[in-house]
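Asks: below are the sequence and a predicted model for it; my questions follow.
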Amino acid sequence: MKRVLITGAAGFLGSHLCDRFIKEGYHVMAMDNLITGDLKNIEHLFPLSNFEFYNHDVSNFVHVSGDLDFILHFASPASPIDYLKIPIQTLKVGSLGTHNLLGLAKSKGARMLIASTSEVYGDPEVHPQKEDYWGNVNPVGPRGVYDEAKRFQEAMTMAYHTYHGLETRIVRIFNTYGPRMRLNDGRVLPAFIGQALRGEDLTVFGDGSQTRSFCYVDDLVEGIYRLLHSDYAHPVNIGNPNEITIGEFAEEIIKLTGTDQKVIYKELPTDDPKKRQPDISLAKDILDWEPKVSRAEGLKITYEYFKSLSESELYKKEH
Ligand code: NAD
Ligand code: UDP
(Lines give C-alpha, C1' and ligand atoms only; values in the text may rest on other atoms or scores of the structure.)
(Ligands and ions follow the chains in the order given, each with its own letter.)
Protein backbone atom coordinates (compact mmCIF):
# COMPACT_ATOMS: atom_id res chain seq x y z
CA MET A 1 0.00 0.00 0.00
CA LYS A 2 1.50 3.39 -1.04
CA ARG A 3 1.80 5.93 1.77
CA VAL A 4 1.03 9.63 1.35
CA LEU A 5 1.38 12.54 3.79
CA ILE A 6 -1.13 15.33 3.18
CA THR A 7 -0.59 18.62 5.03
CA GLY A 8 -3.49 21.03 5.47
CA ALA A 9 -5.63 17.90 5.50
CA ALA A 10 -8.47 19.36 7.60
CA GLY A 11 -8.92 22.26 5.21
CA PHE A 12 -11.07 22.59 2.12
CA LEU A 13 -8.73 21.15 -0.53
CA GLY A 14 -6.72 18.91 1.80
CA SER A 15 -9.85 17.05 2.95
CA HIS A 16 -10.95 16.38 -0.64
CA LEU A 17 -7.44 15.09 -1.42
CA CYS A 18 -7.64 12.76 1.60
CA ASP A 19 -10.92 11.35 0.21
CA ARG A 20 -9.39 10.82 -3.22
CA PHE A 21 -6.24 9.06 -1.99
CA ILE A 22 -8.28 6.84 0.35
CA LYS A 23 -10.52 5.96 -2.61
CA GLU A 24 -7.42 5.06 -4.64
CA GLY A 25 -6.30 2.64 -1.90
CA TYR A 26 -3.50 4.67 -0.30
CA HIS A 27 -2.48 4.83 3.35
CA VAL A 28 -3.12 8.49 4.18
CA MET A 29 -1.27 10.38 6.90
CA ALA A 30 -3.16 13.63 7.40
CA MET A 31 -1.47 16.57 9.17
CA ASP A 32 -2.96 19.89 10.25
CA ASN A 33 -2.73 22.38 13.11
CA LEU A 34 -6.38 23.40 12.61
CA ILE A 35 -5.57 27.11 12.34
CA THR A 36 -8.10 27.56 9.49
CA GLY A 37 -9.23 23.94 9.08
CA ASP A 38 -11.86 21.86 10.82
CA LEU A 39 -11.74 18.22 11.88
CA LYS A 40 -15.34 17.75 10.75
CA ASN A 41 -14.03 17.80 7.14
CA ILE A 42 -12.18 14.52 7.74
CA GLU A 43 -13.91 12.91 10.73
CA HIS A 44 -15.65 10.43 8.41
CA LEU A 45 -12.19 8.97 7.67
CA PHE A 46 -11.18 8.43 11.32
CA PRO A 47 -12.58 4.88 11.58
CA LEU A 48 -10.46 3.69 8.62
CA SER A 49 -7.32 1.70 9.40
CA ASN A 50 -5.48 3.28 6.45
CA PHE A 51 -6.06 6.82 7.77
CA GLU A 52 -4.09 8.60 10.51
CA PHE A 53 -4.33 12.18 11.75
CA TYR A 54 -1.50 14.23 13.28
CA ASN A 55 -2.25 17.58 14.92
CA HIS A 56 0.99 19.40 14.12
CA ASP A 57 2.25 22.80 12.92
CA VAL A 58 4.46 21.99 9.92
CA SER A 59 6.46 25.20 10.40
CA ASN A 60 8.12 23.19 13.19
CA PHE A 61 10.25 20.09 12.49
CA VAL A 62 8.12 17.37 10.90
CA HIS A 63 8.63 13.69 11.56
CA VAL A 64 6.55 10.68 10.59
CA SER A 65 7.56 7.08 11.12
CA GLY A 66 7.68 4.43 8.42
CA ASP A 67 7.99 4.66 4.67
CA LEU A 68 6.62 7.56 2.68
CA ASP A 69 5.99 7.60 -1.07
CA PHE A 70 4.41 11.02 -1.54
CA ILE A 71 3.99 14.32 0.28
CA LEU A 72 1.30 16.82 -0.73
CA HIS A 73 1.95 20.15 0.99
CA PHE A 74 -1.36 22.01 1.20
CA ALA A 75 -1.00 23.58 4.65
CA SER A 76 -1.37 27.37 4.41
CA PRO A 77 -4.06 29.91 5.06
CA ALA A 78 -5.59 30.55 1.63
CA SER A 79 -8.31 33.16 2.00
CA PRO A 80 -7.18 36.82 1.93
CA ILE A 81 -9.03 37.45 5.21
CA ASP A 82 -7.15 34.57 6.86
CA TYR A 83 -3.70 35.47 5.67
CA LEU A 84 -4.15 39.13 6.50
CA LYS A 85 -5.08 38.07 10.03
CA ILE A 86 -2.13 35.67 10.42
CA PRO A 87 0.55 37.07 8.12
CA ILE A 88 3.61 35.73 9.95
CA GLN A 89 2.22 32.17 10.19
CA THR A 90 1.43 32.40 6.46
CA LEU A 91 5.01 33.36 5.62
CA LYS A 92 6.34 30.64 7.93
CA VAL A 93 4.25 27.78 6.59
CA GLY A 94 5.18 28.66 3.00
CA SER A 95 8.89 28.96 3.80
CA LEU A 96 9.89 27.03 6.95
CA GLY A 97 7.04 24.54 6.53
CA THR A 98 8.03 23.85 2.94
CA HIS A 99 11.69 23.48 3.94
CA ASN A 100 10.80 20.99 6.70
CA LEU A 101 8.70 18.92 4.33
CA LEU A 102 11.31 18.97 1.56
CA GLY A 103 13.81 17.71 4.14
CA LEU A 104 11.39 14.95 5.13
CA ALA A 105 10.82 14.03 1.47
CA LYS A 106 14.58 13.85 0.92
CA SER A 107 15.15 11.64 3.95
CA LYS A 108 12.33 9.27 2.94
CA GLY A 109 12.98 9.30 -0.82
CA ALA A 110 9.42 10.56 -1.32
CA ARG A 111 8.03 12.63 -4.19
CA MET A 112 6.67 15.99 -3.06
CA LEU A 113 3.94 18.11 -4.63
CA ILE A 114 3.39 21.68 -3.44
CA ALA A 115 0.21 23.74 -3.63
CA SER A 116 1.24 26.94 -5.33
CA THR A 117 -1.22 29.50 -6.61
CA SER A 118 -2.27 31.87 -9.36
CA GLU A 119 -1.27 34.56 -6.83
CA VAL A 120 2.37 34.07 -7.94
CA TYR A 121 1.24 36.06 -11.01
CA GLY A 122 0.05 38.89 -8.72
CA ASP A 123 -1.96 41.54 -10.60
CA PRO A 124 -1.06 40.10 -14.00
CA GLU A 125 -0.03 42.14 -17.01
CA VAL A 126 -0.38 39.06 -19.22
CA HIS A 127 -3.80 37.57 -19.90
CA PRO A 128 -4.60 34.70 -19.69
CA GLN A 129 -1.75 33.62 -17.44
CA LYS A 130 0.70 31.04 -18.76
CA GLU A 131 3.31 29.26 -16.67
CA ASP A 132 6.19 31.17 -18.26
CA TYR A 133 4.86 34.54 -17.02
CA TRP A 134 6.93 35.74 -14.02
CA GLY A 135 4.21 37.78 -12.40
CA ASN A 136 3.57 41.23 -10.99
CA VAL A 137 3.60 41.00 -7.20
CA ASN A 138 3.94 43.79 -4.63
CA PRO A 139 6.19 42.15 -1.99
CA VAL A 140 5.35 44.69 0.71
CA GLY A 141 1.62 45.05 0.05
CA PRO A 142 -0.89 43.25 2.30
CA ARG A 143 -1.14 40.26 -0.08
CA GLY A 144 2.66 40.01 -0.27
CA VAL A 145 2.76 37.70 2.77
CA TYR A 146 0.90 35.03 0.83
CA ASP A 147 2.20 35.68 -2.67
CA GLU A 148 5.86 35.87 -1.67
CA ALA A 149 5.58 32.83 0.61
CA LYS A 150 4.28 30.88 -2.38
CA ARG A 151 6.97 32.25 -4.70
CA PHE A 152 9.64 31.29 -2.15
CA GLN A 153 7.98 27.88 -1.82
CA GLU A 154 8.32 27.33 -5.57
CA ALA A 155 11.97 28.48 -5.56
CA MET A 156 12.87 26.24 -2.61
CA THR A 157 11.11 23.26 -4.18
CA MET A 158 12.92 23.80 -7.49
CA ALA A 159 16.25 24.06 -5.64
CA TYR A 160 15.67 20.69 -3.94
CA HIS A 161 14.82 19.25 -7.34
CA THR A 162 17.88 20.71 -9.04
CA TYR A 163 20.48 20.33 -6.29
CA HIS A 164 19.29 17.23 -4.47
CA GLY A 165 17.59 15.46 -7.37
CA LEU A 166 14.36 15.30 -5.33
CA GLU A 167 11.22 14.39 -7.29
CA THR A 168 8.98 17.44 -7.03
CA ARG A 169 5.75 18.72 -8.59
CA ILE A 170 4.34 22.26 -8.50
CA VAL A 171 0.65 22.96 -9.07
CA ARG A 172 -0.47 26.57 -9.55
CA ILE A 173 -4.07 26.47 -8.39
CA PHE A 174 -6.59 29.06 -9.60
CA ASN A 175 -9.71 29.99 -7.55
CA THR A 176 -11.35 26.71 -6.59
CA TYR A 177 -14.71 26.22 -4.87
CA GLY A 178 -16.95 23.46 -3.57
CA PRO A 179 -18.36 21.85 -0.42
CA ARG A 180 -16.31 22.28 2.81
CA MET A 181 -15.27 25.85 2.13
CA ARG A 182 -15.73 27.79 5.36
CA LEU A 183 -18.89 29.85 5.05
CA ASN A 184 -17.25 32.88 6.65
CA ASP A 185 -13.69 32.60 5.34
CA GLY A 186 -14.17 35.80 3.32
CA ARG A 187 -13.66 34.26 -0.12
CA VAL A 188 -16.13 35.55 -2.62
CA LEU A 189 -18.25 32.44 -3.16
CA PRO A 190 -18.95 31.57 0.50
CA ALA A 191 -19.34 35.30 1.19
CA PHE A 192 -22.08 35.71 -1.46
CA ILE A 193 -23.89 32.46 -0.66
CA GLY A 194 -23.73 33.16 3.08
CA GLN A 195 -25.14 36.65 2.54
CA ALA A 196 -27.95 35.28 0.35
CA LEU A 197 -28.83 32.63 2.96
CA ARG A 198 -28.86 35.20 5.79
CA GLY A 199 -30.96 37.65 3.76
CA GLU A 200 -28.16 40.22 3.57
CA ASP A 201 -27.13 42.29 0.56
CA LEU A 202 -24.24 40.90 -1.49
CA THR A 203 -21.01 42.88 -1.04
CA VAL A 204 -19.17 43.45 -4.31
CA PHE A 205 -15.74 44.99 -3.80
CA GLY A 206 -14.80 47.79 -6.18
CA ASP A 207 -17.05 48.22 -9.22
CA GLY A 208 -17.24 44.46 -9.79
CA SER A 209 -15.38 44.58 -13.11
CA GLN A 210 -12.45 42.48 -11.80
CA THR A 211 -12.52 38.91 -13.09
CA ARG A 212 -11.88 35.46 -11.66
CA SER A 213 -12.16 31.96 -13.17
CA PHE A 214 -13.72 29.41 -10.82
CA CYS A 215 -12.83 25.71 -10.84
CA TYR A 216 -14.94 23.02 -9.16
CA VAL A 217 -12.99 21.07 -6.53
CA ASP A 218 -13.38 17.61 -8.15
CA ASP A 219 -11.79 18.88 -11.36
CA LEU A 220 -8.89 20.34 -9.41
CA VAL A 221 -8.32 17.11 -7.45
CA GLU A 222 -8.24 15.12 -10.71
CA GLY A 223 -5.63 17.52 -12.14
CA ILE A 224 -3.49 17.27 -9.00
CA TYR A 225 -3.72 13.47 -8.99
CA ARG A 226 -2.55 13.34 -12.61
CA LEU A 227 0.25 15.86 -12.04
CA LEU A 228 1.56 13.92 -9.02
CA HIS A 229 1.84 10.79 -11.15
CA SER A 230 3.36 12.60 -14.15
CA ASP A 231 7.07 13.16 -14.67
CA TYR A 232 6.82 16.96 -15.01
CA ALA A 233 8.73 18.99 -12.38
CA HIS A 234 7.99 22.55 -13.55
CA PRO A 235 4.87 24.51 -12.50
CA VAL A 236 1.53 23.58 -14.06
CA ASN A 237 -1.63 25.73 -13.96
CA ILE A 238 -4.76 23.89 -12.88
CA GLY A 239 -7.96 25.88 -13.08
CA ASN A 240 -11.07 26.50 -15.11
CA PRO A 241 -10.58 29.10 -17.86
CA ASN A 242 -14.24 30.11 -17.77
CA GLU A 243 -13.80 33.75 -16.68
CA ILE A 244 -16.48 35.97 -15.14
CA THR A 245 -16.58 39.44 -13.59
CA ILE A 246 -17.35 39.56 -9.87
CA GLY A 247 -20.38 41.75 -10.64
CA GLU A 248 -21.81 39.08 -12.96
CA PHE A 249 -20.93 36.41 -10.43
CA ALA A 250 -23.01 38.20 -7.78
CA GLU A 251 -25.96 38.21 -10.21
CA GLU A 252 -25.49 34.47 -10.80
CA ILE A 253 -25.60 33.79 -7.05
CA ILE A 254 -28.73 35.93 -6.68
CA LYS A 255 -30.40 33.87 -9.41
CA LEU A 256 -29.18 30.55 -8.00
CA THR A 257 -30.36 31.26 -4.45
CA GLY A 258 -33.57 33.02 -5.45
CA THR A 259 -32.86 35.77 -2.95
CA ASP A 260 -34.37 39.20 -3.43
CA GLN A 261 -31.35 40.88 -1.88
CA LYS A 262 -29.41 43.40 -3.91
CA VAL A 263 -25.76 44.10 -4.58
CA ILE A 264 -23.96 46.78 -2.55
CA TYR A 265 -20.51 48.08 -3.40
CA LYS A 266 -17.59 48.26 -0.97
CA GLU A 267 -14.01 49.45 -1.29
CA LEU A 268 -11.71 47.27 -3.39
CA PRO A 269 -8.98 45.73 -1.19
CA THR A 270 -5.40 46.90 -1.83
CA ASP A 271 -3.64 45.09 -4.72
CA ASP A 272 -6.76 43.08 -5.60
CA PRO A 273 -5.89 41.51 -9.01
CA LYS A 274 -7.97 43.00 -11.85
CA LYS A 275 -8.01 39.90 -14.03
CA ARG A 276 -7.34 36.23 -13.58
CA GLN A 277 -7.72 33.40 -16.04
CA PRO A 278 -5.55 30.31 -16.42
CA ASP A 279 -4.05 29.23 -19.71
CA ILE A 280 -4.34 25.46 -19.31
CA SER A 281 -2.75 24.33 -22.56
CA LEU A 282 0.19 22.81 -20.66
CA ALA A 283 -2.09 20.71 -18.42
CA LYS A 284 -4.09 19.61 -21.47
CA ASP A 285 -0.92 18.65 -23.23
CA ILE A 286 1.03 16.80 -20.55
CA LEU A 287 -1.77 15.55 -18.28
CA ASP A 288 -4.57 15.19 -20.81
CA TRP A 289 -6.59 17.17 -18.26
CA GLU A 290 -9.30 19.77 -18.56
CA PRO A 291 -12.17 20.72 -16.26
CA LYS A 292 -15.44 18.83 -16.75
CA VAL A 293 -17.83 20.47 -14.26
CA SER A 294 -19.61 23.59 -15.50
CA ARG A 295 -20.05 26.54 -13.14
CA ALA A 296 -23.81 26.00 -13.13
CA GLU A 297 -23.41 22.36 -11.98
CA GLY A 298 -20.65 23.12 -9.46
CA LEU A 299 -22.52 26.04 -7.94
CA LYS A 300 -25.64 23.95 -7.51
CA ILE A 301 -23.77 21.26 -5.55
CA THR A 302 -21.98 23.88 -3.46
CA TYR A 303 -25.20 25.75 -2.70
CA GLU A 304 -26.85 22.49 -1.52
CA TYR A 305 -23.88 21.97 0.83
CA PHE A 306 -24.13 25.46 2.34
CA LYS A 307 -27.89 25.12 2.69
CA SER A 308 -27.43 21.93 4.70
CA LEU A 309 -25.35 23.72 7.38
CA SER A 310 -26.92 24.55 10.74
CA GLU A 311 -28.21 28.01 11.71
CA SER A 312 -25.32 28.37 14.16
CA GLU A 313 -22.76 27.79 11.37
CA LEU A 314 -24.56 30.28 9.18
CA TYR A 315 -24.37 32.99 11.83
CA LYS A 316 -20.98 31.99 13.29
CA LYS A 317 -18.68 35.00 13.60
CA GLU A 318 -14.97 34.63 12.86
CA HIS A 319 -12.68 35.50 15.79
P1 NAD B 1 -7.94 26.03 3.94
O2 NAD B 1 -7.69 27.22 4.82
O3 NAD B 1 -9.30 25.46 3.89
O4 NAD B 1 -6.96 24.86 4.31
C5 NAD B 1 -5.64 25.06 4.74
C6 NAD B 1 -5.34 24.07 5.85
O7 NAD B 1 -3.96 24.22 6.25
C8 NAD B 1 -6.20 24.31 7.10
O9 NAD B 1 -6.78 23.11 7.51
C10 NAD B 1 -5.20 24.84 8.13
O11 NAD B 1 -5.56 24.54 9.44
C12 NAD B 1 -3.91 24.16 7.69
N13 NAD B 1 -2.68 24.85 8.11
C14 NAD B 1 -2.37 26.17 7.93
N15 NAD B 1 -1.15 26.42 8.44
C16 NAD B 1 -0.68 25.25 8.95
C17 NAD B 1 0.52 24.86 9.59
N18 NAD B 1 1.49 25.75 9.87
N19 NAD B 1 0.67 23.55 9.96
C20 NAD B 1 -0.30 22.64 9.69
N21 NAD B 1 -1.46 22.95 9.09
C22 NAD B 1 -1.65 24.24 8.72
O23 NAD B 1 -7.45 26.45 2.47
P24 NAD B 1 -7.60 25.67 1.08
O25 NAD B 1 -8.44 26.48 0.18
O26 NAD B 1 -7.94 24.25 1.32
O27 NAD B 1 -6.11 25.77 0.53
C28 NAD B 1 -5.20 24.69 0.66
C29 NAD B 1 -3.91 24.99 -0.09
O30 NAD B 1 -4.18 25.25 -1.47
C31 NAD B 1 -3.17 26.21 0.43
O32 NAD B 1 -1.78 25.95 0.39
C33 NAD B 1 -3.52 27.29 -0.56
O34 NAD B 1 -2.50 28.27 -0.65
C35 NAD B 1 -3.64 26.50 -1.85
N36 NAD B 1 -4.53 27.17 -2.83
C37 NAD B 1 -5.89 27.15 -2.69
C38 NAD B 1 -6.68 27.80 -3.62
C39 NAD B 1 -8.19 27.76 -3.55
O40 NAD B 1 -8.85 28.35 -4.41
N41 NAD B 1 -8.80 27.08 -2.59
C42 NAD B 1 -6.09 28.50 -4.67
C43 NAD B 1 -4.69 28.52 -4.76
C44 NAD B 1 -3.92 27.84 -3.84
N1 UDP C 1 -14.90 39.91 -3.36
C2 UDP C 1 -16.08 40.64 -3.37
N3 UDP C 1 -16.92 40.53 -2.28
C4 UDP C 1 -16.65 39.74 -1.22
C5 UDP C 1 -15.47 38.97 -1.22
C6 UDP C 1 -14.60 39.08 -2.31
O7 UDP C 1 -16.36 41.38 -4.32
O8 UDP C 1 -17.47 39.71 -0.28
C9 UDP C 1 -14.00 40.02 -4.52
C10 UDP C 1 -12.52 40.26 -4.19
O11 UDP C 1 -12.27 41.64 -4.04
C12 UDP C 1 -11.84 39.68 -5.41
C13 UDP C 1 -12.76 38.52 -5.82
O14 UDP C 1 -14.01 38.77 -5.20
O15 UDP C 1 -11.81 40.62 -6.46
C16 UDP C 1 -12.26 37.16 -5.37
O17 UDP C 1 -11.93 37.25 -4.01
P18 UDP C 1 -11.45 36.01 -3.14
O19 UDP C 1 -11.16 36.53 -1.77
O20 UDP C 1 -12.45 34.91 -3.26
O21 UDP C 1 -10.12 35.47 -3.84
P22 UDP C 1 -8.85 36.13 -4.54
O23 UDP C 1 -8.94 35.66 -5.93
O24 UDP C 1 -8.93 37.64 -4.48
O25 UDP C 1 -7.70 35.60 -3.79
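Replies: Received, thanks. Numbers count the residues shown, from 1 in each chain. Ligands and ions are numbered 1, 2, ... in the order given.
Asks: buried ones in stretch 151-160?
Replies: For stretch 151-160, burial by neighbour count (16 or more other C-beta atoms under 10 Å) applies to 151, 153-154, 156-158, 160. Quick note: C-beta positions are derived from backbone N, CA and C, even for glycine.
Asks: to clarify, my last question referred to stretch 232-244.
Replies: For stretch 232-244, by 16+ other C-beta under 10 Å, it's 233, 235-241, 243-244.
Asks: now stretch 186-204
Replies: By 16+ other C-beta under 10 Å, the buried positions in stretch 186-204 come out as 186-197, 202, 204.
Asks: now, the most widely separated pair of those?
Replies: Leu197 and Val204 (17.3 Å; C-beta to C-beta).
Asks: before we move on, back to that, take the buried residues of stretch 232-244 and lay them out in JSON lines including pLDDT.
Replies: JSON lines is the format used below for the buried residues of stretch 232-244 (pLDDT from 0 to 100):
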{"residue": "Ala233", "pLDDT": "98"}
{"residue": "Pro235", "pLDDT": "98"}
{"residue": "Val236", "pLDDT": "98"}
{"residue": "Asn237", "pLDDT": "98"}
{"residue": "Ile238", "pLDDT": "98"}
{"residue": "Gly239", "pLDDT": "98"}
{"residue": "Asn240", "pLDDT": "98"}
{"residue": "Pro241", "pLDDT": "98"}
{"residue": "Glu243", "pLDDT": "98"}
{"residue": "Ile244", "pLDDT": "98"}
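Asks: from those residues, which land in strands?
Replies: Among those, the members found in strands (DSSP state E) are 236-238, 243-244.
Asks: ok, Lys150 - contacts?
Replies: 76, 94, 116-117, 119-120 (C-beta atoms under 8 Å, 6 or more residues apart in numbering).
Asks: any chance of the buried residues of stretch 232-244 in a markdown table, with distance to Lys307 too?
Replies: Formatted as a markdown table, the buried residues of stretch 232-244 follow (distance: C-beta to C-beta, whole Å):
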| residue | distance to Lys307 |
| --- | --- |
| Ala233 | 42 |
| Pro235 | 36 |
| Val236 | 34 |
| Asn237 | 32 |
| Ile238 | 28 |
| Gly239 | 26 |
| Asn240 | 23 |
| Pro241 | 28 |
| Glu243 | 27 |
| Ile244 | 22 |
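Asks: between these, which is nearest ligand 1?
Replies: Nearest to ligand 1 among those, counting by C-beta to the nearest ligand atom, is Gly239 at 8.4 Å.
Asks: Leu282 is in contact with the closest one, correct?
Replies: No - under the criterion of C-beta atoms under 8 Å, Gly239 is not in contact with Leu282, lying 11.6 Å apart.
Asks: show me where this structure has helices.
Replies: 12-23, 80-85, 87-92, 98-108, 144-164, 188-198, 217-228, 246-257, 281-287, 295-307, 311-314 (DSSP state H).
Asks: the fourth one close to ligand 1?
Replies: No - with C-beta under 6 Å from any ligand atom as the criterion, ligand 1 is not reached by helix 98-108; the gap is at least 9.7 Å.
Asks: near ligand 1, which residues of the stretch 51-200 of the chain?
Replies: Residues of the stretch 51-200 of the chain lying near ligand 1 (C-beta under 6 Å from any ligand atom): 57-59, 74-78, 93, 97, 115, 117, 173, 175-176.
Asks: ok, which pair from those residues is furthest apart?
Replies: Greatest spacing in these, by C-beta to C-beta: Asp57 and Asn175 (26.3 Å).
Asks: which residue lies farthest from the center of the protein?
Replies: Distance from the C-alpha centroid of the chain, by C-alpha atoms, centre = their mean, peaks at Asp260 (31.0 Å).
Asks: and the pLDDT at that one?
Replies: For Asp260, the model assigns a pLDDT of 91.
Asks: ok, it to ligand 2 distance?
Replies: 19 Å (C-beta to the nearest ligand atom, to the nearest Å).
Asks: ditto for His161
Replies: Taking C-beta to the nearest ligand atom, one finds His161 at 27 Å from ligand 2.
Asks: give me the neighbour count for that residue.
Replies: Look at His161: counted by other C-beta atoms under 10 Å, it has 18 neighbours.
Asks: is it correct that it is in contact with His234?
Replies: No - assessed by C-beta under 8 Å, His161 is found out of contact with His234, at 9.2 Å.
Asks: if any of the contacts of Lys150 are buried, put those into a ChimeraX selection.
Replies: Listed next is the ChimeraX selection for buried residues among the contacts of Lys150, using 16+ other C-beta under 10 Å:
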select :76,94,116,117,119,120
